[in-house]
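1. sequence and computational prediction follow.
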Amino acid sequence: MKKIEEKQLRNLTLPVAICCGLLFHNILYKVNFLTPYLLFGMMFFTCSKISMKELKFNPMHGWLLLIQIFGGSALYLLLHRFNEPIAQGLMICIFTPVAVASPVVGGMLGADIAMMTTYVLLSNVTAALLAPVAFSVMMHADIPFLASFWHVMQRTLLLLVLPLIVSWLMSQFTPKAHSFVRKHQSISFYIWALCMMLLLGTTFHSIFTDHDADLRLELVLAVGALIICVVLFSLGKKMGTHYGDMPAGRQMMGQKNTGIGVWLTISFLHPLAAVGPACYIIWQNLMNSLEIYLSSRRSEG
């Protein structure tokens, strides 16, 4: 009975979080500063299941990095002659590194968390190194390498590496407390739902209050981001199936670090292009919610 109630609660949590993000966006955007702290807590509970020795490279990582780099570049080259903001906004949806939270969602779906954590590091370091170069070419200007690199890396270090270190230190010096955290690892799901609610609320608020926006451009970017989201999740699912870990491939390919994507776009590219990664936040969270719901229903059956 307890397990059934837990599954029912999970099924309700995500739709409620999405609805709250939409209905209370004018309040939630004001507390968006809490998101990094929630992400840290979420990753801390998730990392309690990982040993440093388990971090490993998988051949799938190489293919994912190639798609992240060359897929985004190819799309930009294809579209920039027609419309520069659209080309930049859709390119960044592919180029943006994988989300720090992706191992949390992947873990809920049965993925190899250690393998996903390894790719989070690889993907974010790659984006941090290549972003200044790629953006300099697109904007025909010198992009400050250290500023861009450090902004991407500090989030990765604080939200991924630090929870790993803290979890490892607890396992060495306070094993009872570490065991308690491992037993309650499912808390990460509810923290992730809170993060999703804040991110969606902030995104909806930005879209609803931008009165000077080009609605036609925004619509094209929104639809384009949706198409890219579906393609990336579908391609990741096929690649993950080929390498024996479908949930991991799906999340590593499709779940993007959209906060970084929006920041990179606003900082270095055309400001209207930020609508692309902003809308991607909505689409990827809807995709994640649907997949977790279907996974829960399958396990009940």
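-> Received it, and whenever you're ready, just let me know what you need. Numbers count the residues shown, from 1 in each chain.

2. what pLDDT does residue 69 get?
-> We have a pLDDT of 90 for residue 69.

3. which one is it nearest to, not counting chain neighbours?
-> What sits nearest to residue 69 in space, not counting adjacent residues and going by CB to CB, 6 or more residues apart in numbering, is residue 130, at 6.5 Å. For the C-beta atoms, the positions are set from N, CA and C on the backbone; glycine is no exception.

4. again, but for residue 96
-> residue 261 (3.6 Å).

5. do you know how far the residue nearest to residue 69 is from residue 169?
-> Residue 130 is 33 Å from residue 169, where distance means CB to CB, to the nearest Å.

6. more neighbours: which of those two?
-> Counted by other CB atoms under 10 Å, residue 130 and residue 169 do not tie: residue 130 has more neighbours, with 17 against 11.

7. quick check: that one vs residue 150, distance?
-> Counting by CB to CB, the gap from residue 130 to residue 150 is 15 Å.

8. can you report how many residues neighbour residue 248?
-> Residue 248 is flanked by 27 other residues according to other CB under 10 Å.

9. and the one 5 residues further on, by the same measure?
-> Burial of residue 253, expressed as a neighbour count using other CB under 10 Å, amounts to 28.

10. quick check: which element contains it?
-> Taking DSSP states H and E as the criterion, residue 253 maps to helix 246-254.

11. after that helix, which helix or strand is next?
-> helix 258-268.

12. average pLDDT across that following helix?
-> Averaging pLDDT along helix 258-268 gives 77.

13. and that helix, what's buried?
-> For helix 258-268, the buried set under the neighbour-count rule, 16 or more other CB atoms under 10 Å, comprises 258-265, 267-268.

14. convert the C-alpha atoms of that helix to CSV, please.
-> What follows is helix 258-268, C-alpha atoms only, in CSV (Å, rounded to 0.1, in the frame of the first residue of the first chain):
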residue,chain,number,x,y,z
THR,A,258,19.2,25.5,-20.4
GLY,A,259,20.2,28.0,-17.7
ILE,A,260,23.7,28.1,-19.2
GLY,A,261,22.2,28.2,-22.7
VAL,A,262,20.1,31.3,-21.9
TRP,A,263,23.0,33.0,-20.2
LEU,A,264,25.4,32.4,-23.1
THR,A,265,22.8,33.7,-25.6
ILE,A,266,22.0,36.8,-23.7
SER,A,267,25.7,37.5,-22.9
PHE,A,268,27.2,36.9,-26.3
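
15. for that helix, name the packing helices and strands.
-> Counting contacts by 3 or more CB pairs under 8 Å, 6 or more residues apart in numbering; DSSP states H and E, helix 258-268 packs against helix 84-95, helix 113-139, helix 145-156, helix 275-300.

16. the ones you listed: lowest mean pLDDT?
-> Lowest mean pLDDT within the helices and strands packed on helix 258-268: helix 145-156, at a mean of 70.

17. buried stuff in stretch 103-120?
-> Buried residues in stretch 103-120, counted by 16+ other CB under 10 Å: 103-109, 111-120.

18. likewise stretch 76-91?
-> Neighbour count says stretch 76-91 has 76, 79, 83-91 buried, by 16+ other CB under 10 Å.

19. equivalent analysis for stretch 285-301, please.
-> 285-289, 291-293, 296.

20. list the contacts of that stretch.
-> For stretch 285-301, contacts defined as CB atoms under 8 Å, 6 or more residues apart in numbering pick out 4, 7, 10-11, 14-15, 17-18, 105, 108-110, 196, 199-200, 229-230, 233, 250-251, 254-255.

21. dump that stretch to CSV, keeping only the CA atoms.
-> Extracted C-alpha coordinates of stretch 285-301, given in CSV (Å, rounded to 0.1, in the frame of the first residue of the first chain):
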residue,chain,number,x,y,z
ASN,A,285,10.5,19.4,-18.7
LEU,A,286,7.3,18.3,-20.3
MET,A,287,9.2,15.4,-22.0
ASN,A,288,10.8,14.4,-18.7
SER,A,289,7.5,14.6,-16.9
LEU,A,290,5.8,12.4,-19.5
GLU,A,291,8.6,9.8,-19.5
ILE,A,292,8.6,9.6,-15.7
TYR,A,293,4.8,9.2,-15.6
LEU,A,294,4.9,6.5,-18.3
SER,A,295,7.7,4.7,-16.5
SER,A,296,5.8,4.7,-13.3
ARG,A,297,2.7,3.4,-15.0
ARG,A,298,4.7,0.6,-16.6
SER,A,299,6.2,-0.4,-13.2
GLU,A,300,2.7,-0.5,-11.7
GLY,A,301,1.6,-2.9,-14.5
